[in-house]
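*Asks:* Structure for this input, please:
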Amino acid sequence: MKGKETVLKIIAESCRLLIGLVFIFSGTVKAVDPMGGAIKIGEYLASFGLDKLQSFSVLISFNLSAAEFTLGVCVLLGVYRRYASFLTLVFMLFMTPLTLYLALYDPVSDCGCFGDALVITNWQTFYKNILLLAAAIIVFIYNQKLLQCYTYKVYWFIALFAYAFNVCFAYYNYNHLPILDFRPYKVGANIPALMSIPEGAPEDEYRYSFIYEKDGVKQEFSLNDVPADDSTWTFVDSKTELIKQGYIPPVAAFNIYNDKDEDVTDLILDNQDGVLLLVAPKLEHASDERIDEINNLYDYALENNIPFYCVTGSAPAAIAEWSDNTGAEYPFLMADEVLLKTIIRSNPGLVLLKGGTVLAKWHYNDIPQEEDLKKVIDGYLLGKEPVAKEDGLLLTNLLTFTVPLLLVWMYDFGRNRRKKKTGKNEAEKK
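*Replies:* Next up is the predicted model:
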């Protein structure tokens, strides 16, 4: 009997660790790129005919990541075990049927459960959720047997701190560029290389079939047994079915056009002297808070013979309105809105390219001053290696979250130990 209890304990604790770590990871990567989460939520709302809720997509993104992160922390640390396990089970009971629907009907290409950090297919997501649902059931049934890292008196702080930390972390990444860029266009990436297909890479494999008719009866033939030489059969139709996906480059398409609808992609990517792109997926929704800094940078680029373009997905009318309202004199180029949102999570945002390599990116809240930009450009164009977001930011955020939890644990442990010692002394006196 004791052996059975031990096995159940091990299974329950393993499920606790699985759910806690997966939920924390999922909540964290969503908070790293809350704008990406909002875009994915917008796709969901559009596919289910809920376009009226699009204005809440950012709010939903923030709260979804914070809720997942908080549940993961509570389950992992044994905080509010009964409530946390129940809410986790409810969450999985909702998500599992939803991902089955996504797998069957494919209204969105991927669920976005792990953001851009780990993209998995809808079927893989469903299988993952089946496993998590089973784990959630076990954790709920045996929640009182799970490890407790804190006493009940500090539960409120752990749960509230986890939620607040995730929201603040997401808010920082929303108002600046994500501290971790999981997309293809991260700093240091070479766009032409990402578009190329390596030699010997797997190619798409197709099954071809042909439909012929004879005496009013239609029959389907494979490529090898087509009755092409039999005049009694009449060709009706053909079918092409993809049976195996080949290699897909990280950047499937990268096309930029001028106002004459001419493709100027090579002009941008082949520039070996450096080019500045002001990327604005939708000028209608672009922030003009830093417009003076942007216009000053254009003047600096003009004086130093550095090509400067605004690349947007907006129509000419919106471009004209933006120019009138901001005094913009820089030339405009056009590109797909989705492509521009993938390049940079800022509207507008600034990108420095050289030879198709992303050397630097700036959120509109972080537009550099002329002297700062000069230092950056001079360094990069003289051969300095592009550097992504500082690793120090990751360490700072990790310490900001873990140190308070550790201090509270030490206080909680010490207080509980003192209480037990006092109780023991009183019992001995009696």
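
*Asks:* Helices of the stretch 201-350 of the chain, start to end?
*Replies:* 265-269, 291-303, 316-326, 337-343 (DSSP state H, counting those that start in this stretch).

*Asks:* and those helices as a markdown table, adding mean neighbour count and mean pLDDT?
*Replies:* The way it works is simple: take the backbone N, C-alpha and C, and place the C-beta from them, glycine included. Output for the helices of the stretch 201-350 of the chain, formatted as a markdown table (neighbours: other Cβ atoms under 10 Å; pLDDT from 0 to 100):
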| stretch | mean neighbour count | mean pLDDT |
| --- | --- | --- |
| helix 265-269 | 16 | 94 |
| helix 291-303 | 16 | 92 |
| helix 316-326 | 14 | 94 |
| helix 337-343 | 19 | 94 |
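
*Asks:* Nearest to residue 135, out of the ones you listed?
*Replies:* Of all those, it is helix 337-343 that lies closest to residue 135, at 33.2 Å by Cβ to Cβ.

*Asks:* What is the closest one packed up against?
*Replies:* Packing partners of helix 337-343 (3 or more Cβ pairs under 8 Å, 6 or more residues apart in numbering; DSSP states H and E): strand 275-280.

*Asks:* which helices and strands sit right next to the strand it packs on?
*Replies:* helix 291-303, strand 308-312, helix 337-343, strand 349-354.

*Asks:* Mind checking the pLDDT average for it?
*Replies:* When pLDDT is averaged along strand 275-280, the result is 96.

*Asks:* Turn the helices of the stretch 201-350 of the chain into JSON lines, columns for distance to residue 42.
*Replies:* As requested, the helices of the stretch 201-350 of the chain are exported to JSON lines (distance: least, Cβ to Cβ, whole Å):
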{"stretch": "helix 265-269", "distance to residue 42": "27"}
{"stretch": "helix 291-303", "distance to residue 42": "26"}
{"stretch": "helix 316-326", "distance to residue 42": "19"}
{"stretch": "helix 337-343", "distance to residue 42": "10"}
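
*Asks:* before we move on, the earlier item: looking at the helices and strands packed on strand 275-280, spot the one closest to residue 104.
*Replies:* Of all the helices and strands packed on strand 275-280, helix 337-343 sits nearest to residue 104, with 24.5 Å by Cβ to Cβ.

*Asks:* count of residues packed around the residue nearest to residue 115 when sequence neighbours are not counted?
*Replies:* Nearest residue to residue 115, sequence neighbours excluded (Cβ to Cβ, 6 or more residues apart in numbering): residue 29, at 4.3 Å. Neighbourhood size, residue 29 [other Cβ atoms under 10 Å]: 23.

*Asks:* repeat for residue 366
*Replies:* The number of residues packed near residue 366 is 15, by other Cβ under 10 Å.

*Asks:* Next: the one 5 residues further on.
*Replies:* Summarising burial for residue 371: neighbours were counted as other Cβ under 10 Å, giving 9.

*Asks:* now residue 209
*Replies:* 14.

*Asks:* For the most centrally placed residue in the chain, give its distance to residue 400.
*Replies:* Nearest to the mean C-alpha position of the chain, by Cα atoms, centre = their mean, lies residue 115 at 2.9 Å. Residue 115 sits at a distance of 21 Å from residue 400 (criterion: Cβ to Cβ, to the nearest Å).

*Asks:* go on, residue 47?
*Replies:* The gap separating residue 47 from residue 400 is 37 Å, by Cβ to Cβ.

*Asks:* what's near enough to touch the residue lying closest to residue 208 once chain neighbours are set aside?
*Replies:* Nearest non-adjacent residue to residue 208, counting by Cβ to Cβ, 6+ apart: residue 223, 4.8 Å away. Taking Cβ atoms under 8 Å, 6 or more residues apart in numbering as the contact definition, residue 223 lies against 208, 209, 210.

*Asks:* Kindly indicate which of those lies nearest residue 142.
*Replies:* residue 209 (53.2 Å).

*Asks:* any low-confidence regions in the stretch 301-430 of the chain?
*Replies:* Applying pLDDT under 70 to the stretch 301-430 of the chain flags residues 380-391, 417-430.

*Asks:* Contact partners for residue 207?
*Replies:* Residue 207 makes contact with 222, 240, 241, 243, according to Cβ under 8 Å, 6+ apart.

*Asks:* So which of those residues belong to strands?
*Replies:* Judged by DSSP state E, strands contain the following of the contacts of residue 207: 222, 240, 241, 243.

*Asks:* Tell me the one of these nearest residue 317?
*Replies:* Using Cβ to Cβ, residue 240 comes nearest to residue 317 of the ones in strands among the contacts of residue 207, at 40.1 Å.

*Asks:* residues near that closest one, how many?
*Replies:* Residues lying near residue 240 (other Cβ under 10 Å) number 8.

*Asks:* any idea how far it lies from residue 207?
*Replies:* Separation of residue 240 from residue 207 (Cβ to Cβ) stands at 8 Å.

*Asks:* nearest to residue 41, of the helices and strands packed on strand 275-280?
*Replies:* Closest of these to residue 41 is helix 337-343, at 13.6 Å (criterion: Cβ to Cβ).

*Asks:* what sits against residue 197?
*Replies:* Residues counted as contacts of residue 197 (Cβ under 8 Å, 6+ apart) are 247, 249.

*Asks:* now swap in the one 3 residues further on and tell me
*Replies:* When the contact criterion is Cβ under 8 Å, 6+ apart, residue 200 has no partners at all.

*Asks:* In a strand, it, correct?
*Replies:* No. Counting by DSSP: H, G, I helix; E, B strand; the rest coil, residue 200 is not found in a strand; it is coil.
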